[in-house]
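here's a sequence, model it:
(2 chains)
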Amino acid sequence: MKGAEPGQIAIVHLTGRLADGPEAGEVFETTDVDVALESGVYHDHRDFKPLEFRVGEGHVLPGIDEAVQGMEPGETRTVTLDPPEAYGPADEDSVVTFPRDHLDAGSGPVAVGELVRSDRGDTGWVTDVSDTGVTVDFNHELAGERVEFEIRLLEVHATETGQEPT
Amino acid sequence: MSQHQPRAEQDPEGETAGPSSRDRFVRRRRLLMATGSLAGIGVLAGCGQDTGTPTPAETEPPTDSPTEPPTESPTETETPEPEEEPLEARYPGLEILSPEPENAQAASRSTYTDYITPREEHYIRNHYPTPDIEESEWTVSLTGMVGSEAELSMEEIKHSFRTQSVTHTMQCAGNGRSFFDPQVGGNQWHYGAVGNTVWTGTPVSDILEYYGAETSEGHFLTVMGGEHPEGEDVFTRSIPMQKVMDDTLLAYNMNGSPVSPDHGFPVRLLVPGWFGCNNVKWVDRMHVMDSMVIGDEWEEPGAPEDGQRTYTHWQQYSYRIVPEEDTRAEHYEDIPVYDTREQMDQTDEIRNAYMYDQVEKSLIGYPAEGQTVSPSPAGTIEVIGVAWAGDDPVETVEVSTDGGETWGEAEFFGPVGDPTGWRQFRYVWQEPSAGEHTLVSRATDERGYTQPASISAPEDQLRAVQDDQFPWNQGGYGNNAHLVHAVTCTVEE
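Next up, the predicted model:
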């Protein structure tokens, strides 16, 4: 058995945990239904199942893409990713203040801590509400955070049209 | 700027007490998935992050710097048809397994309370991305053992021969794969890769007879799709000539309107009652021959490891029942029977069954998984579902309301169409007690084959249904075990 190489299809189970802060060790994402149930991130709008992706082509977070390369099927590895390798750095340009009436016209009053979505599909959190404006932070929740991923490589296939079941 | 105005989403868990970044991550993902804006998991490049910087309102100083995260997938910006709606918008009834190649299954059991499946709820299984085909430029070639070879235009296919319609329960051979334990690779279909649709097209027998093809028993029509990227294996299936001559169509309409691109536009093979894989989409070529595609003539030297399988992959290597102990499926030029259950019972002659005619199966549509239901004023609950058995009629369906301990017979209702389409069944559950219940259904076909209870362990090395167990197999095909398809519901007082 050799390790996963760029261009191959990797099938993995993943569990992401926060690396820093008071919540260090808390699961925020997993493909494993048991972990999801245990850690309270389960919900029924989603199927928990292994993730399948082509290695080395930027389909997943860079740190995961990199870590899988060199792993062998059956192997489990835990990696800690800095923000650029994970969800990116926090960007102050993604904190935007809208005139209050723009927002209220669409959906009624909003309050700090609410999740809002712009019409182009971006979601963000209301961080400040004043008489005139509403400030929304469109940064990814985990932008600027260090995260830890436990990666279990289940299988590697030569190509998508190889011997994998269809 | 109005298109960039944010508005509050209905966040069912919208507490305002300063949630942590982890809570906020989980909450946002729940919301987006509940509203169908997001599928899959939060580590996909470009998925965990929003699509771009929202434009601030006019009164704000302009911000030009993009916040495209370093994780943005390069392929996202190369989408060829930006005007096309995303898959989840085109198929609101489907849960997306992979956006490219397009793979999606029914998102709810409730689709199995109806006779006809709308195309928006009909599963999609692609090996390569859906091709963009201009009907007027598309042709289907006919080659091999024929009097004269032909290049058929869609115009000729539609208007020069008879037209027939058939109701067909289309099911992916891998439907139910997610229930295999240990898990097997591939798309994790649960129950949802099956739908019942009326297909309209031209009988292939008409075309073969017109062009003087060899149509006697022992011959095959090998059908190839046209969607593979250059240099990739060609999606190819060899269909036994008896079945081709009996009822196989070149289908161009689905539920009365043109087949959608994801389901095979402009034309697909329609093999009534047989597993989805036989129903080759985007048909490009039909080749009459005296065996299945096999061996050197149809694959590169050195295949499977050191050469490409070109035409043999999906006929000989894939879509086979391969137990754990086999390195790969044994290849045959022809086999004595084509029904998948019968093949599995003749393992002295067919080591690894081919996924041809479907096995008997049933699915409960109401109550749906996890649903809370109330008894009628009469104190009963009506359990509703569908049952099918490929091109064989279903004889009976039984329902258990106690997880398979005891069974009662259901009755059929609804349209009685071709046996290749499913039958609807109902079972009146008398005096259900309050609380959680596990409902199971099992079908028996006209030949007496009944759905087994569970899936075997790999080490049992089964090749056929035995001791009420469906054979665990490496590809995760053909699962019709009834217990894993059970529904858990809660009855209210």
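
show me the strands in chain A, by range?
A:9-18, A:27-30, A:51-54, A:76-81, A:95-99, A:115-118, A:123-129, A:133-137, A:147-157 (DSSP state E).

for the ones you listed, give me TSV that also has mean pLDDT.
Conversion of the strands of chain A to TSV gives the following (pLDDT from 0 to 100):
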stretch	mean pLDDT
strand A:9-18	91
strand A:27-30	90
strand A:51-54	88
strand A:76-81	93
strand A:95-99	82
strand A:115-118	74
strand A:123-129	83
strand A:133-137	85
strand A:147-157	91
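
wait, which of those is closest to A:Gly3?
A:Gly3 lies closest to strand A:147-157 among those, at 7.6 Å (Cβ to Cβ). C-beta here means a position set from N, CA and C on the backbone, and glycine is covered the same way.

and the contacts of that closest one?
The set of residues external to strand A:147-157 that reach it, using Cβ atoms under 8 Å, 6 or more residues apart in numbering or on different chains, is A:3-4, A:8-19, A:28, A:50, A:55, A:61, A:63-64, A:67-68, A:71-81, A:86-87, A:163-164, B:43, B:183, B:185.

same check, this time on stretch B:235-242
B:127-128, B:215-225, B:227-228, B:248, B:269, B:271, B:277-278, B:280-281, B:289, B:291-293, B:298, B:311-315, B:334, B:338, B:356.

would you mind listing which of those residues are buried?
Buried positions within the contacts of stretch B:235-242, assessed by neighbour count (16 or more other Cβ atoms under 10 Å in any protein chain shown), are B:127-128, B:215, B:219-225, B:227-228, B:248, B:269, B:271, B:277-278, B:280-281, B:289, B:291-293, B:298, B:311-315, B:338, B:356.

show me the residues you listed that map onto strands.
Per DSSP E, strands hold the following members of the buried ones among the contacts of stretch B:235-242: B:Phe220, B:Leu221, B:Thr222, B:Val223, B:Met224, B:Gly225, B:Leu269, B:Met289.

check contacts around B:Thr215.
B:Ser205, B:Leu208, B:Glu209, B:Met241, B:Val244, B:Met245, B:Val288.

in JSON lines, list the strands of chain A along with mean neighbour count.
Converted to JSON lines, these look like this (neighbours: other Cβ atoms under 10 Å in any protein chain shown):
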{"stretch": "strand A:9-18", "mean neighbour count": "23"}
{"stretch": "strand A:27-30", "mean neighbour count": "23"}
{"stretch": "strand A:51-54", "mean neighbour count": "20"}
{"stretch": "strand A:76-81", "mean neighbour count": "15"}
{"stretch": "strand A:95-99", "mean neighbour count": "21"}
{"stretch": "strand A:115-118", "mean neighbour count": "24"}
{"stretch": "strand A:123-129", "mean neighbour count": "19"}
{"stretch": "strand A:133-137", "mean neighbour count": "22"}
{"stretch": "strand A:147-157", "mean neighbour count": "21"}
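
any stretches of chain B with poor pLDDT?
Scanning chain B for pLDDT under 70 picks out the ranges B:1-19, B:30-41, B:45-84.

which residues does the residue sitting furthest away from the middle of chain A contact?
Centroid-distance maximum for chain A: A:Asp131 at 34.3 Å, with Cα atoms, centre = their mean. A:Asp131 sits next to A:Arg100 when contact means Cβ under 8 Å, 6+ apart.

repeat for B:Tyr191
With contact taken as Cβ under 8 Å, 6+ apart, B:Tyr191 is in contact with B:Gln105, B:Ala106, B:Arg109, B:Tyr112, B:Asn175, B:Gly176, B:Leu363, B:His485.

could you rerun that using 7 Å?
Shown in contact with B:Tyr191 (Cβ atoms under 7 Å, 6 or more residues apart in numbering or on different chains): B:Arg109, B:Asn175, B:Gly176, B:Leu363, B:His485.

select from those the one having the most neighbours.
Within the contacts of B:Tyr191, B:Asn175 tops the neighbour count with 31 neighbours, counted by other Cβ atoms under 10 Å in any protein chain shown.

where does that residue fall, phi/psi-wise?
Main-chain torsions, B:Asn175, degrees, to the nearest 10: phi -60, psi 130.

again, but for A:Thr132
Main-chain torsions, A:Thr132, degrees, to the nearest 10: phi -110, psi -30.

I'd say it and A:Arg100 touch.
Yes - between A:Thr132 and A:Arg100 a contact is recorded at 5.5 Å, counting by Cβ atoms under 7 Å.

mind putting the ones in strands among the buried ones among the contacts of stretch B:235-242 in JSON lines, distance to B:Thr347 included?
Shown next, in JSON lines, are those (distance: Cβ to Cβ, whole Å):
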{"residue": "B:Phe220", "distance to B:Thr347": "22"}
{"residue": "B:Leu221", "distance to B:Thr347": "26"}
{"residue": "B:Thr222", "distance to B:Thr347": "25"}
{"residue": "B:Val223", "distance to B:Thr347": "27"}
{"residue": "B:Met224", "distance to B:Thr347": "29"}
{"residue": "B:Gly225", "distance to B:Thr347": "30"}
{"residue": "B:Leu269", "distance to B:Thr347": "28"}
{"residue": "B:Met289", "distance to B:Thr347": "26"}
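
and the two most separated of the residues you listed?
The distance between the two most remote of these (Cβ to Cβ) is 17.1 Å, for B:Gly225 and B:Met289.

so does stretch B:124-134 get close to chain A?
Yes - counting by Cβ under 7 Å from any Cβ of the partner chain, chain A has neighbours in stretch B:124-134: B:His127.

in that stretch, what's buried?
Here stretch B:124-134 shows B:Ile124, B:Arg125, B:Asn126, B:His127, B:Tyr128, B:Thr130, B:Pro131, B:Ile133 as buried, counting by 16+ other Cβ under 10 Å.

wouldn't the fourth one be in contact with B:Pro101 here?
Yes - with contact defined as Cβ under 7 Å, B:His127 and B:Pro101 form a contacting pair (6.1 Å).

just the pLDDT at the residue farthest from the centre of chain A, thanks.
We have a pLDDT of 80 for A:Asp131.

against A:Val96, how distant is it?
Using Cβ to Cβ, to the nearest Å, A:Asp131 is found at 18 Å from A:Val96.

B:Pro272 too?
56 Å.

just put the strands of chain A in TSV and tack on distance to B:Cys489.
Below are these laid out as TSV (distance: least, Cβ to Cβ, whole Å):
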stretch	distance to B:Cys489
strand A:9-18	29
strand A:27-30	27
strand A:51-54	30
strand A:76-81	37
strand A:95-99	45
strand A:115-118	31
strand A:123-129	33
strand A:133-137	41
strand A:147-157	32
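
for B:Gly201, find the nearest of those strands.
Among the strands of chain A, the nearest to B:Gly201 by Cβ to Cβ is strand A:51-54 (33.5 Å).

which residues touch the closest residue to B:Gly365 other than its chain neighbours?
Distance criterion Cβ to Cβ, 6 or more residues apart in numbering or on different chains; nearest residue to B:Gly365, sequence neighbours excluded, is B:Tyr112 at 3.1 Å. Residues counted as contacts of B:Tyr112 (Cβ under 7 Å, 6+ apart) are B:Leu363, B:Gly365, B:Gly385, B:Val386.

narrow the residues you listed to those in strands?
Using DSSP E, the contacts of B:Tyr112 in strands are B:Leu363, B:Gly365, B:Gly385, B:Val386.

how near is the residue nearest to B:Arg268 when sequence neighbours are not counted to B:Gln371?
In this structure, B:Arg268 finds its nearest non-sequential neighbour in B:Lys281, 4.4 Å apart by Cβ to Cβ, 6+ apart. With distances taken as Cβ to Cβ, B:Lys281 is found 34 Å from B:Gln371.

next, work out how far apart B:Ser400 and B:His437 are.
Distance from B:Ser400 to B:His437, by Cβ to Cβ: 10 Å.

if you could redo that for A:Glu75, that was the one I meant.
A:Glu75 is 42 Å from B:His437, by Cβ to Cβ.

for the two, indicate the residue with more neighbours.
Set A:Glu75 next to B:His437 and count neighbours by other Cβ under 10 Å: B:His437 wins out with 21 against 15.
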